[in-house]
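Student: 3D, please:
(chains A and B)
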Amino acid sequence: MTETKINWMNDYEEGCGRAREEKKPLFLDFFKDG
Amino acid sequence: MTALLNENFIPVQVNIEEAAKLADEFQAIWTPNLNVIDGRLKRVYQVEGWLPPSEFVAMLGVGRGQYFLRGKKYAEAATLFKAVFEQSPRSQFAPEAVYYRGVSRYLSSHKVDELKEDWIMLQRFYPQSAWSLRANIL
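Tutor: Alright, predicted model coming up:
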């Protein structure tokens, strides 16, 4: 079985550009280490 | 959950301490802090706190529904909200989905009967929900 992973991007601006291009909502997850 | 996120959203993850300016912009003070952002860079949905996988999936459905609802794509929104309460009827997000399915249908048709149909269902199946209380106006 192939395990898939979430294709997280770490650059918000780049994500906004892709969201506009692909006409999809951006899912923004703020996290904290530890 | 992974496929749902990869296929229907552009997932972006940022450390709240490293992205302090962005966190301030979105008034993010607590993590996990999950936001659905539209093409105008407006937040259309937000959830704070950890969710188990099944609830996360339902939350994604409601968030995506809000994306279409706020973009005035009411039919798409109604379909997504319906899918949430049909596929996850026991989810804490199900009553919210029923509420907004009614809103989506009403904004599309301006027929109050369509709103009533969903909101009556909401009060019947989720009487203790805060969303049921909000629908108690009819």
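
Student: hey, let's count contacts and neighbours off CA atoms from now on
Tutor: Fine.

Student: Can you give me the neighbour number for B:D24?
Tutor: The number of residues packed around B:D24, counting by other C-alpha atoms under 10 Å in any protein chain shown, is 11.

Student: which secondary structure element contains it?
Tutor: helix B:20-25 (DSSP states H and E).

Student: That helix - what's its average pLDDT?
Tutor: On average, the pLDDT along helix B:20-25 is 96.

Student: Just the buried positions in it, please.
Tutor: Of the residues in helix B:20-25, those with enough neighbours to count as buried (16 or more other C-alpha atoms under 10 Å in any protein chain shown) are B:A23.

Student: Can you show me the CA trace of that helix as CSV?
Tutor: Extracted C-alpha coordinates of helix B:20-25, given in CSV (Å, rounded to 0.1, in the frame of the first residue of the first chain):
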residue,chain,number,x,y,z
ALA,B,20,4.4,36.4,13.1
LYS,B,21,3.3,39.1,10.6
LEU,B,22,1.0,36.6,8.8
ALA,B,23,-0.3,35.3,12.1
ASP,B,24,-1.1,38.8,13.2
GLU,B,25,-2.8,39.5,9.9
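
Student: what's the following helix or strand after it?
Tutor: strand B:33-37.

Student: Partner strands of the following helix or strand past that next one and their direction?
Tutor: Scanning forward in sequence from strand B:33-37 by DSSP H and E, the next helix or strand is strand B:43-48. Here strand B:43-48 has these sheet partners by DSSP bridges: strand B:33-37 (antiparallel).

Student: List of residues touching the partner strand?
Tutor: With contacts defined as C-alpha atoms under 8 Å, 6 or more residues apart in numbering or on different chains, strand B:33-37 is touched by A:25-31, B:43-49, B:63-64, B:67.

Student: mind redoing it with 6 Å?
Tutor: Residues outside strand B:33-37 that contact it (C-alpha atoms under 6 Å, 6 or more residues apart in numbering or on different chains) are A:P25, A:L26, A:F27, A:L28, A:D29, A:F30, B:R43, B:V44, B:Y45, B:Q46, B:V47, B:E48.

Student: Stretch B:69-88 too?
Tutor: Counting by C-alpha under 6 Å, 6+ apart, the neighbours of stretch B:69-88 from elsewhere in the structure are B:A58, B:G61, B:G65, B:F68, B:A94, B:A97, B:R101, B:S104, B:S108.
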